[in-house]
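Participant: the following block contains a protein sequence and its predicted model.
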Amino acid sequence: MQNTLQNVLPPQKFTTMLFGNAVAQDDALALLKELQLGDENLTPQLQALKTAGSRYLKDLKLNITTALQAESLGKKDAALIAIAVAVNEKNTVLQQAFEKMAREQGATQAELAEVIACTSLMNANNVYYRFRHFMHDEFYDKAQAGIRMSIMANPVLGKELFELVSLVVSAVNGCSLCVTSHEAALQKHGTEKQRIHDAVRLGAVVKSLGVVLG
C-alpha cells in the first residue's frame with residue numbers, strides 16, 4: 001500500500017500523509033515547551049490544531065519566539081509586557097508562564113504587581129476615553145474623568161516602561177485616544193519607534209496565543 005501511494009502521489013504530499021500529524025504534534029509540544037508549559041496545558045483548541053496537522057502551529061511558535069526575543073525590548077521588558085496582555089485577556093496559564101520568565105530575568109514582585117495595576121487602570125481608561133472619542137460631544141470632552149491614576153506619577157517600572165505597557169494594553173483594547181496619547185508620551189521619553197513597534201507586535205501575538213491556550 002505504501003509503495004502504491006508513493007508511486008501515485010507527489011513526493012511532498014506522500015511525505016505529508018506519512019509524517020504530517022507527527023510533525024504537527026511536535027509543533028504543538030514545541031509551542032508549549034517554548035512557553036515552559038507542560039502537556040497538561042494542551043487545550044481543546046490546541047488539540048484541534050494538532051489533530052488536523054495544522055501548519056499554523058509552527059507559525060504561532062515562530063511568532064511568539066520572534067516577539068519575545070526582540071532586541072529592542074530585552075527579555076525582561078518583553079516578559080512584563082506579555083504578562084500585561086495575558087492579564088488583560090484573563091488568561092491565567094499564560095500569565096503564570098510569563099511571570100516565570102520575568103522572574104528568571106530579575107523582575108521583582110513589585111514590578112509584577114504594577115503590571116497588573118497598570119493593566120487594570122488601562123481597562124478603565126480605555127472604556128472611558130473610547131466613549132468620549134465615539135461621542136465627539138463638547139460636554140463629555142470637557143467633563144472631569146474622575147479616574148484616579150496616582151500610580152502613573154512615580155511607577156516602579158519607570159515611566160518609560162509604564163507608558164509602553166499602557167500603550168500595548170490600549171492597542172489590544174482598541175482605544176485610539178489612549179494609543180495616540182501614550183505613543184506621544186513615549187516619543188517625549190525618546191523611545192525608538194522600533195521598540196514601540198516590537199512591543200505592540202508582542203501584544204498582538206500574545207493575544208493570538210491566548211486564542212489557542214485560553
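Facilitator: Right, received. Where do you want to start?
Participant: what residues sit buried inside the biggest helix by length in the chain?
Facilitator: Using DSSP state H, we find that the single longest helix of the chain is helix 109-135. Of all the residues in helix 109-135, those buried under the rule 16 or more other Cβ atoms under 10 Å are 111-112, 114-115, 118-119, 121-123, 125-126, 128-130, 132. The way it works is simple: take the backbone N, C-alpha and C, and place the C-beta from them, glycine included.
Participant: cool, and stretch 62-81?
Facilitator: 63-64, 67-68, 70, 73, 75-81.
Participant: would JSON lines of those residues with secondary structure be doable?
Facilitator: Shown next, in JSON lines, are the buried residues of stretch 62-81 (DSSP: H, G, I helix; E, B strand; the rest coil):
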{"residue": "Asn63", "secondary structure": "helix"}
{"residue": "Ile64", "secondary structure": "helix"}
{"residue": "Ala67", "secondary structure": "helix"}
{"residue": "Leu68", "secondary structure": "helix"}
{"residue": "Ala70", "secondary structure": "coil"}
{"residue": "Leu73", "secondary structure": "coil"}
{"residue": "Lys75", "secondary structure": "helix"}
{"residue": "Lys76", "secondary structure": "helix"}
{"residue": "Asp77", "secondary structure": "helix"}
{"residue": "Ala78", "secondary structure": "helix"}
{"residue": "Ala79", "secondary structure": "helix"}
{"residue": "Leu80", "secondary structure": "helix"}
{"residue": "Ile81", "secondary structure": "helix"}
